[in-house]
Structures are given as C-alpha cells and as structure tokens.
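A.B. asks: turn this into a structure:
(one chain, ligands or ions: 1)
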Amino acid sequence: MALRVFETDPDAKPKPRDSYDYAGRFRSGMLVGRQPKALSEWRVTTDDPDVADKIAAMFGGEPAEWDTEKSDNIQVMTDTKKLDVIVDGPSALRSRMAQYGTGGPIHVCDGVQFISGHPEDEEIGDDCGCPRSLEDRKAKAKKQIGPKPDIRLVFRLADDPDLGVFMFTTGSWSLVKILDEVESALAEIGGPARVTLELAFEEYDTKAGRHVEYTWPKITVTGAAE
Ligand SMILES: [Zn+2]
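C.D. replies: This is a model prediction of the structure:
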C-alpha cells in the first residue's frame, strides 16, 4: 500500500534532484575548513567523470572527489591560471549585488535600487538603502549585513566548445572595478565573443610598508568569435 498524501496535494510532492544544467563550474577559490581561500590556479567541479577527465587533460590536475552536498562532487585542481573561452553574447555576463540568507537571496540590487531577482517583487525599482561609498559597501558585506557582488559568466571552452556550458561565479570587488569595460566590450560585439579568464596575481606595498599580495579573477574580452 502506498501513501496517497501527494495524490491529494501534488504541488507538495518533492521534485526530482535539481538537474545540474552545467557541464561544470570554474572556481577561483575553495573552503579550507570554514575559511574561503583564493586560488592561483583554476579549480573545476563537475558531476560528470568524462568532463573531469577532459578538463584534467586540457588544464592539468587529477579528478578527485570532494565533500559537497551538491551534485558536482568531482573536482580538478588544475595548474592553469589563464584560459580562453567563448560566450554567446552580452547576456552571458550577469552582474548584480546580492545578499543571501539561508533560503536564497534576500537583497538583490544594482547598488542603488532593487532589481529583478529580488525576492520582494513589489520592492523592485525602490531605493535599496545600500550605502553610497564603496568602503561602506565592502564593510557591510563583510559583516554579512549588506549585499556583495554576485557576478556570473556562462561560457564554453575555446579548445573544446562541445564539452558543454560552464559557469563561473564570483563576489570579487576587484572584478567590479573593470566590469564596465567588460560589459561594454561585449555589448559592442553584440554576439559570440572570445574571452580570457585569468586568475591575476597582484602585489604592492602600502605606504605603511606592508606587503600585500592577492589574486583576482580577471575577465578580458579579446574579440568576436565566429
Ligand atoms: Zn542594495
């Protein structure tokens, strides 16, 4: 005898496992314990062993399982800092500011107003109340009381476009500084474009004499793709 609780309430029936729409994700960081760590070479996660093998062959590294509740439980720590990808057009790059709660986004804005994707439909277009200065924005995001950059690029690999569509998401404030350039370059091409993804290393000395080093995900549009 089967339970009939979903027969009377079909909307409550659990959906099949979220389908994993992407061949894999390129990642510029990982968690070490509970601390996020920026990487200097790309890390790729996937749920497909064949994709993992091909990524390892192209970019170095070995496929290995990693601890995640998501379906992309194979990772490849590549030895590649820079790769060429192809994007469909301007909509391949999504930039927004977002703050996530346990159930999903709770504040989605462009820095000034709530935008599409914000959970409260009637607030879209309203002033979101974020601070005006970049330093204040960063401070609130760090304390998890304000949104941070939520940038997503979807692309194919220039060397093997048939391997599928990959995704890269980042909250990098450094990338925000050049995002205008990237967006206008994509808009100018208006269609498929060649793009370089690079984990760029920067170092400098502060006036107080402190040496600072960091890596950030740099996106460069190099031209139209046929
Ligand atoms: Zn806001």
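
A.B. asks: if you count neighbours, what's buried in the lengthiest helix in the chain?
C.D. replies: With secondary structure taken from DSSP state H, the chain has its longest helix at helix 173-189. In terms of neighbour count (16 or more other C-beta atoms under 10 Å), helix 173-189 has its buried residues at 175, 176, 182, 185, 186, 189. In this view, the C-beta of every residue, glycine as well, is placed from N, C-alpha and C.

A.B. asks: next: stretch 210-221.
C.D. replies: 215, 216, 217, 218, 219, 220, 221.

A.B. asks: list the residues that contact the third one.
C.D. replies: For residue 217, the residues meeting the contact criterion (C-beta atoms under 8 Å, 6 or more residues apart in numbering) are 28, 168, 170, 172, 175, 197, 198, 199, 200.

A.B. asks: ChimeraX command for the buried members of those residues?
C.D. replies: Filtering the contacts of residue 217 down to the buried ones (16+ other C-beta under 10 Å) takes a single ChimeraX command:
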select :28,168,170,172,175,197,198,199
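
A.B. asks: reformat the contacts of residue 217 as TSV; add pLDDT, secondary structure and distance to residue 22.
C.D. replies: Formatted as TSV, these follow (pLDDT from 0 to 100; DSSP: H, G, I helix; E, B strand; the rest coil; distance: C-beta to C-beta, whole Å):
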residue	pLDDT	secondary structure	distance to residue 22
28	96	strand	16
168	97	strand	10
170	95	strand	15
172	95	coil	20
175	96	helix	20
197	98	strand	15
198	98	strand	20
199	97	strand	20
200	97	strand	24
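
A.B. asks: which two from the contacts of residue 217 end up farthest apart in space?
C.D. replies: Spatial extent of those (C-beta to C-beta) is set by the pair 168 and 200 at 14.1 Å.

A.B. asks: element containing the residue most central in space within the chain, please.
C.D. replies: Taking C-alpha atoms, centre = their mean, the centroid of the chain lies closest to residue 169, which sits 0.2 Å from it. Per DSSP states H and E: residue 169 is located in strand 166-170.

A.B. asks: which strands and helices lie in contact with that strand?
C.D. replies: Packing contacts for strand 166-170, counted by 3 or more C-beta pairs under 8 Å, 6 or more residues apart in numbering; DSSP states H and E, involve strand 24-32, strand 148-157.
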